[in-house]
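[1] My questions are about this predicted structure, shown below with the sequence.
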Amino acid sequence: MTKELWKGNEAIAEAGVRAGAEAYFGYPITPQTELLEYLAWRMPELGRLFLQAESEIGAIHMVYGAASAGKRAFTSSSSPGISLMQEGLSYIAASEVPCVLVDVMRGGPGLGNIQPSQADYFQMTRSAGHGDYRPLVLAPATVQEAVDLMSVSFDLAFRYRHLVVLLADGILGQMMEPVEMPPMRSVDDPLPDWALSGAAGREPRSITSLYLGAEKLEGLNLRLQAKIAHIQKNEQRWEAYRTGDAETLIVAFGTVGRIARSAVELAREQGRRVGLFRPISLWPFPAQALARLSPGGASILVAEMNAGQMREDVERIVGEPVHFLGRMGGMIPTPEEIVEALPPPPQSPIHSGERNGVAPRHLRESARVKAASQIGDASG
């Protein structure tokens, strides 16, 4: 198939259609609104269901209902909208119905802004609402990868009867890139044997998240934990780039992983042997692969658009502190900033980076601006 130029949000939407999505429920929020707008005409054109809900809370519960009927259903939102969905996500988790959720992250906390961020890492990888649960979380770095992972997301959701999150950000949602779309999947597959499809001619089925007896609820939790352990063992995904001879390793995901790839090339032009480890599944995190490639915490730089959420996982895996570069509030690190934040080469007497007492340049500049402002206030 030939490649076509697609905007990220619209490409993700079309990929969902081609993955066999039969129903979409959503609510507008920047920077993912184009995804909903595209599906507003595309789904009815194909005789499929599109509904703009009254809120994100309504949208996720509509997905819950459609998924309980065995349909390929999904929704999309952005960070504060995802926060509103947490109760419904917990119901979906306990009911073990397949669901795909697209989160196009924006700056926070609070209403924040509409700039890109990666600060939903904890919100998506740690649980879905309350209770002991882990969604399967996939983080694309390009529009093409986002398209490819939409099909993967639906397949995994139905394979495990599990919640799968496609975790993007405002850059990926708004950028345009050449994309090769997959073929259209049929929506005429038979319903799964657990689906609520009407009890005519068979015994009634029940899907619920309510277990009043402690023993029954513990039984559900034990079953969920066994499934989660199986997913953790079998569904780790990652990319290792130029790590064969690397003495320094950058760990970054999503858009920052893409920027870090350019930083690797820039550093190698300067004579540094730098590689990139990019987790594609944020949960399950590809821990064994990172541990095998790790040159030690002193030679690792974690770069992300948050205050260090993935860094906690990396430090847990390598067993020691690592170097860190984080931009927040919608600020995007450049390849040059990532190279500047790299730890010194092994055996080097020169130390740089925040953990060795010198903050990265953008923090030093921020401190100078703040100091100048305080001096101005005092002199006024």
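    Nice, I can see it.
[2] residue boundaries of the strands in the stretch 1-150 of the chain?
    Secondary structure of the stretch 1-150 of the chain (DSSP state E, counting those that start in this stretch): strands located at 4-7, 23-26, 49-52, 73-77, 99-105, 136-138.
[3] And residue 270, its phi and psi?
    Here is the backbone geometry of residue 270 (degrees, to the nearest 10): phi -90, psi 10.
[4] swap in the one 5 residues further on?
    When read as degrees, to the nearest 10, the backbone of residue 275 gives phi -130, psi 170.
[5] Same list, the strands of the stretch 1-150 of the chain, but as a markdown table with mean neighbour count, mean pLDDT and distance to residue 320 please.
    Backbone N, C-alpha and C define where each C-beta goes, glycine included. Listed next are the strands of the stretch 1-150 of the chain as a markdown table, based on neighbours: other C-beta atoms under 10 Å; pLDDT from 0 to 100; distance: least, C-beta to C-beta, whole Å:
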| stretch | mean neighbour count | mean pLDDT | distance to residue 320 |
| --- | --- | --- | --- |
| strand 4-7 | 16 | 97 | 42 |
| strand 23-26 | 26 | 98 | 43 |
| strand 49-52 | 17 | 98 | 49 |
| strand 73-77 | 28 | 98 | 37 |
| strand 99-105 | 29 | 98 | 29 |
| strand 136-138 | 27 | 98 | 25 |
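[6] tally of neighbours for residue 18?
    Neighbouring residues of residue 18 were enumerated by other C-beta atoms under 10 Å; the total is 17.
[7] In the stretch 251-380 of the chain, where is pLDDT below threshold?
    Scanning the stretch 251-380 of the chain for pLDDT under 70 picks out 347-380.
[8] And the helices in it, which stretches?
    Listed in chain order, the helices of the stretch 251-380 of the chain (DSSP state H, counting those that start in this stretch) span 254-269, 287-293, 309-318, 335-341, 361-379.
[9] The first one versus strand 99-105: what angle between them?
    Read it as helix 254-269. Interaxial angle, helix 254-269 versus strand 99-105 (axes from the mean of the first three to the mean of the last three C-alpha atoms, to 10 degrees): 60 degrees.
[10] ok, the closest residue to residue 55 other than its chain neighbours - contacts?
    The spatially closest residue to residue 55, leaving aside those adjacent along the chain, is residue 27, at 5.7 Å (C-beta to C-beta, 6 or more residues apart in numbering). Contact analysis of residue 27 by C-beta atoms under 8 Å, 6 or more residues apart in numbering lists 36, 52, 53, 54, 55, 56, 58, 59, 77, 81.
[11] redo that, cut-off 10 Å
    Residues in contact with residue 27 (C-beta atoms under 10 Å, 6 or more residues apart in numbering) are 33, 36, 52-60, 75-77, 81, 84-85.
[12] What of residue 251?
    Counting by C-beta under 10 Å, 6+ apart, residue 251 touches 238, 257, 260, 275-279, 290, 293-294, 300-304, 310-311, 313-314, 317-318, 322, 324.
[13] Bridged to it, which residues?
    Counting by DSSP bridges, residue 251 is bridged to residue 277, residue 302.
[14] Could you report the distance from it to residue 294?
    9 Å (C-beta to C-beta, to the nearest Å).
[15] Mutual contacts of those two, please.
    Common neighbours of residue 251 and residue 294 (criterion: C-beta under 10 Å, 6+ apart): 277, 300, 314, 317, 318, 322.
[16] Now do the residue nearest to the fourth one when sequence neighbours are not counted: how many residues are near it, please.
    Counting by C-beta to C-beta, 6+ apart, residue 317 lies nearest to residue 287, which is 4.8 Å off, once chain neighbours are set aside. Residues contacting residue 287 under the criterion other C-beta under 10 Å number 17.
[17] Pretty sure residue 287 sits against residue 315.
    No. Counting by C-beta atoms under 10 Å, residue 287 stays clear of residue 315, with 11.8 Å between them.
[18] Can you add distance to residue 177 and give the strands of the stretch 1-150 of the chain back as JSON lines?
    Putting these into JSON lines (distance: least, C-beta to C-beta, whole Å) gives the following:
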{"stretch": "strand 4-7", "distance to residue 177": "7"}
{"stretch": "strand 23-26", "distance to residue 177": "23"}
{"stretch": "strand 49-52", "distance to residue 177": "25"}
{"stretch": "strand 73-77", "distance to residue 177": "19"}
{"stretch": "strand 99-105", "distance to residue 177": "15"}
{"stretch": "strand 136-138", "distance to residue 177": "18"}
